[in-house]
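>>> coords below, sequence missing:
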């Protein structure tokens, strides 16, 4: 059988109890702060903001990549425009805008 006798003095036992009560009080205070509605809302807001920042950052990188790819297609290395590529693209854009304008006009009539 295990020895269950305690060789501590009553003062040592009281000091241990006091220390454990203080630790328990700190733990309860921490738990109370964590489950407080303001803390929960603040944590949720921080998480949403972080996710939005991450998403916007990824979107920025994606858009920047597309703009760079388009620029490479439409501008020469010396900075001069590639008219042989710009003119057909401009004509397509004008045509699409014209078709959209006609479609809108027909719906109104």
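Perfect, I can see it now. A quick note: this is a predicted structure, and the numbers were derived from the prediction, not measured. Numbering: from 1, shown residues only.
>>> so how far is residue 56 from residue 63?
Per C-beta to C-beta, to the nearest Å, residue 63 is found 10 Å from residue 56. Every residue, glycine included, has its C-beta placed from N, CA and C.
>>> helices or strands up against the longest helix seen in the chain?
The residue-count maximum for a helix in the chain (DSSP state H) belongs to helix 37-74. For helix 37-74, the helices and strands in contact under the criterion 3 or more C-beta pairs under 8 Å, 6 or more residues apart in numbering; DSSP states H and E are helix 83-108.
>>> hmm, back to that, any idea of the angle the longest helix of the chain forms with helix 83-108?
Counting by axes from the mean of the first three to the mean of the last three C-alpha atoms, to 10 degrees, helix 37-74 lies at 120 degrees to helix 83-108.
>>> domains for this structure, by residue range?
Following automatic domain parsing, one gets these domains for the chain: 10-74, 82-109.
>>> In CSV, list the ones you listed along with mean neighbour count and mean pLDDT.
What follows is the domains of the chain, written out as CSV (neighbours: other C-beta atoms under 10 Å; pLDDT from 0 to 100):
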stretch, mean neighbour count, mean pLDDT
domain 10-74, 10, 94
domain 82-109, 10, 88
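>>> how far away is the residue nearest the centre of the chain from residue 57?
For the chain, the residue nearest the mean C-alpha position is residue 51 (1.6 Å; C-alpha atoms, centre = their mean). Residue 51 sits at a distance of 11 Å from residue 57 (criterion: C-beta to C-beta).
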